[in-house]
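Novice: Here is the input, now give the coordinates:
(one chain, ligands or ions: 3)
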Amino acid sequence: MRVRFLGTGTSHGVPVLGCTCAVCTSRDSRDSRFRSSVLVRGRGGERVLIDAGPEFRLQALAAGLDRLDAVLITHAHADHVHGLDDVRPLCKHAPLPVYASGPDRDELAERFSYAFRSGQEGGGKPRLDLRVIPDEGIRIGKLDILPVPLLHGERLTFGYRVGCMSYLTDCSAIPPASMPLLAGTHTLVLDALRRRPHPTHFSLDQAFEAARAIQPTRLYLTHICHDLAHEEIQEACDQACLPFPAAPAYDGLEFECP
Ligand SMILES: [Zn+2]
Ligand SMILES: [Zn+2]
Ligand SMILES: [Zn+2]
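Specialist: Ligands and ions are numbered 1, 2, ... in the order given. The predicted structure follows:
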């Protein structure tokens, strides 16, 4: 399968509105970050989106996305779901399955309540088929997808394991019970907000520590804020002397996962 980073930034995005710091004014295109999201393209033609942030439409245009089989929601924070209305052209013919935890499913039903009321017919509403993702996971085409419970501060969120790729954004801890779900991960994508500790996100060092415990074949960092430039994060990855290659992700980066 092939995975594309649609966005790799924290909730503000980078550049941050009104900020003139070195990263927000950087000429390196890898320092411009839309809100975090990935697109998974399976070998059987499957198209699965993880999160739909506020820039979803722009991200989908850049990726040449013309259809979707499902959306997986990590949690209902605005930076992960407020692009859901823009799936409208992709669900004209059938409702689009959107998977989330039970509480996040309820929150989405409330947030997008207009989509489930009568009126505004004729393409004005996304046809969302909100579903609670079962603990045992789901299969979409030939893709096996498993929810991975995570802690985002005190809030429960889901990471997702799709085949041998584990996408763990917005987390400050991985519960011990989730570790067996990550065994054998080839490509690990991990939240790494900044160098300083944060109450609801992994710092760089915490991300490295978690990655060492998971032992993937390769590590990408995401959900990055404007504290660090791409080059600085790469230097930190190199200095961490991890037993596998590690790099900051950037918008538009694509990788193959067996
Ligand atoms: Zn977030
Ligand atoms: Zn800035
Ligand atoms: Zn969040």
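Novice: Could you use CA atoms for every contact and neighbour count after this?
Specialist: Noted.
Novice: State the pLDDT value of His93.
Specialist: For His93, the pLDDT comes out at 87.
Novice: which element is it on?
Specialist: Of the helices and strands defined by DSSP states H and E, none includes His93.
Novice: how close does it get to Leu68?
Specialist: Distance, His93 to Leu68, using Cα to Cα, to the nearest Å: 12 Å.
Novice: of these two, who's got more company?
Specialist: Leu68 (19 against 9; other Cα atoms under 10 Å).
Novice: can you confirm the more buried one is in a helix?
Specialist: No - under DSSP: H, G, I helix; E, B strand; the rest coil, Leu68 falls outside any helix and is assigned coil.
Novice: phi, psi of it?
Specialist: phi -140, psi 140 (degrees, to the nearest 10).
Novice: check contacts around it.
Specialist: 46-49, 90, 96 (Cα atoms under 8 Å, 6 or more residues apart in numbering).
Novice: residues from the stretch 151-258 of the chain in reach of ligand 2?
Specialist: Residues of the stretch 151-258 of the chain lying near ligand 2 by Cα under 5 Å from the ion: His226.
Novice: how about the residues of the stretch 1-150 of the chain near ligand 2?
Specialist: Checking the stretch 1-150 of the chain against ligand 2 by Cα under 5 Å from the ion, the hits are 19, 21, 24.
Novice: Now that we're looking at the first one, what pLDDT does it have?
Specialist: To tie it back to what came earlier, the one meant is Cys19. pLDDT, Cys19: 98.
Novice: a helix runs through it, doesn't it?
Specialist: No - counting by three-state DSSP, Cys19 is located in no helix; its state is coil.
Novice: So what's the residue count around it?
Specialist: 12.
Novice: One more: the last one?
Specialist: A count of neighbours around Cys24, defined by other Cα under 10 Å, yields 23.
Novice: Quick check on it: phi, psi?
Specialist: phi -70, psi -20.
Novice: can you pull the pLDDT of it?
Specialist: 98.
Novice: Name the SS class of Met179, please.
Specialist: Under the three-state scheme (three-state DSSP), Met179 adopts helix.
Novice: Tell me which residues touch it, please.
Specialist: Here Met179 is in contact with Ile214 (Cα under 8 Å, 6+ apart).
Novice: can you offset everything so residue one is 854?
Specialist: Will do, 854 is the new start, and the previous item becomes Met1032.
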